[in-house]
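J.: Quick check, what structure comes out for this input:
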Amino acid sequence: MSTTQAEWPNGTRTAIVLTIDNMGEAADLDRGLWPEHEPVGKHFSVVEVLPKFLAILKKYDVKATYFIESWNLSIYRDAIAKKIAGAGHEIGWHAWRHEAWSKLKDADAEKANFARSFGSNDGITIMYKGFRPPGGIIHGERTLKLCVDYGLQYISPAGFDASIVELDDGTRSIILLPFRWTTVDAYFYMETFAKLRTIKGELPEEPQPPEVLKQGFITQVDRAITDGGYLSLLFHPFLNAQHERLQVFEEIVRYLAEKRDRGDIWLARCCDVTEWINAHPSLVPSGSPVLDEITWR
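T.: You can find the predicted model right below:
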């Protein structure tokens, strides 16, 4: 979406969020990839990478939104409550154990995932405000209505521009804060995204080095500053253990902080953007969501 005047806070025309997805063993357990007799609770992405992520974010005074599977609330309680939320980062919902949301074809399966996730806090008081569906694809209004039923204010599937989606003849609504695959680290780094890279036609089929990700992210940030609107960047801790990738993560965070400090962008959490849109609904369009439902696996 392009704007013609400064409508986000701090006199900016562009809102950007830095988001983080996936925690620990959840996804591997869901896919049957975790060794049966391997203990849980000490995953390298939580023990080794996450502290480095958090240190970088603190260094540049950047607050992020971390979409975490609810299974983790009892496994990594201290990391979530003290280290992440305690540092001012938002905790978003990422399903129970990273179930591919598009594969929850049955309405009862989708409802069960909500029910299990929202009843699993295990003594941690976390009020989710938003949901990012693993895999990025949702089941239309069925998913949107469940989000509202459970008190969620926004959803972040694969898509394009921020918007307000009206439900039940306009009596209810939810904010759409989508992510674009071209601002996801996995799109650059993972072998399994080869087909998506081919479909998008912007990168070679093979995985790309960190420098290509850096240039791709910076280009899209600069474009967002020119065009105005909303943009989400997405990183996965498990993909950034290598020194070169972690260094690029810091370079992106530093670049965002510089643009924030210059007044070029409003760098915020998803919950902050949601709150602002709710207070200024004319800022984004209303209507049917514009989603990216490309499948490649």
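J.: per-residue confidence for residue 287?
T.: pLDDT recorded at residue 287 is 87.
J.: try the one 3 residues further on
T.: Predicted confidence (pLDDT) for residue 290: 87.
J.: now it: how far from residue 18?
T.: As judged by C-beta to C-beta, to the nearest Å, residue 290 and residue 18 stand 22 Å apart. C-betas here are computed from N, CA, C, even on glycine.
J.: quick one: which of those two has more around it?
T.: Counted by other C-beta atoms under 10 Å, residue 290 and residue 18 do not tie: residue 18 has more neighbours, with 24 against 15.
J.: Tell me how many other residues crowd the closest residue to residue 217 other than its chain neighbours.
T.: Once flanking residues are discounted, residue 217 sits nearest to residue 252: 5.4 Å by C-beta to C-beta, 6 or more residues apart in numbering. The number of residues packed near residue 252 is 22, by other C-beta under 10 Å.
J.: wouldn't residue 252 be in contact with residue 216 here?
T.: No: under the criterion of C-beta atoms under 8 Å, residue 252 is not in contact with residue 216, lying 10.2 Å apart.
J.: Let's test this: name the helix or strand in the protein with the lowest mean pLDDT.
T.: When the helices and strands of the chain are scored by mean pLDDT, DSSP states H and E, helix 77-78 comes last with a mean of 92.
J.: what's next to the helix or strand where residue 273 lies, contact-wise?
T.: Applying DSSP states H and E as the criterion places residue 273 in helix 270-279. Applying C-beta atoms under 8 Å, 6 or more residues apart in numbering, the external contacts of helix 270-279 come out as 8-9, 15, 17, 19, 65, 90, 92, 129-130, 153-154, 156, 162, 164, 175, 177, 230, 232, 268, 283-284.
J.: The residues you listed in strands, which ones?
T.: Judged by DSSP state E, the subset of those located in strands is 15, 17, 19, 65, 90, 92, 130, 154, 164, 175, 230, 232, 268.
J.: any chance of the residues you listed in CSV, plus distance to residue 113 and pLDDT?
T.: Below are the ones in strands among the contacts of helix 270-279 laid out as CSV (distance: C-beta to C-beta, whole Å; pLDDT from 0 to 100):
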residue, distance to residue 113, pLDDT
15, 29, 98
17, 24, 98
19, 20, 98
65, 20, 98
90, 21, 97
92, 15, 96
130, 16, 97
154, 18, 98
164, 25, 97
175, 21, 98
230, 27, 97
232, 23, 98
268, 28, 98
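J.: Closest to residue 71 out of these?
T.: residue 92 (14.6 Å; C-beta to C-beta).
J.: what kind of secondary structure is the most far-flung residue of the chain relative to its centre in?
T.: Centroid-distance maximum for the chain: residue 37 at 30.9 Å, with C-alpha atoms, centre = their mean. Here residue 37 takes the coil state, with states given by DSSP: H, G, I helix; E, B strand; the rest coil.
J.: Number of residues surrounding the residue lying closest to residue 57 once chain neighbours are set aside?
T.: Excluding its sequence neighbours, the residue lying closest to residue 57 (C-beta to C-beta, 6+ apart) is residue 64, at 5.9 Å. The number of residues packed near residue 64 is 24, by other C-beta under 10 Å.
J.: Hmm, residue 64 is touching residue 21, no?
T.: No: when contacts are counted by C-beta under 8 Å, residue 64 is not listed as touching residue 21 (10.7 Å).
J.: outside of the one helix or strand the residue nearest to residue 217 maps to, which residues touch it?
T.: Assessed by DSSP H and E, residue 252 sits inside helix 243-261. In this structure, residues lying in contact with helix 243-261 by C-beta under 8 Å, 6+ apart are 16, 18, 49, 52-53, 56-57, 59-62, 185, 189, 209-211, 213-214, 217-218, 221, 225, 233, 235, 239-240, 265-267.
J.: Give me the distance from it to the chain's centre.
T.: The chain centre lies 17 Å from the centre of helix 243-261; the measure is C-alpha atoms, centre = their mean, to the nearest Å.
J.: Great, nothing more from me.
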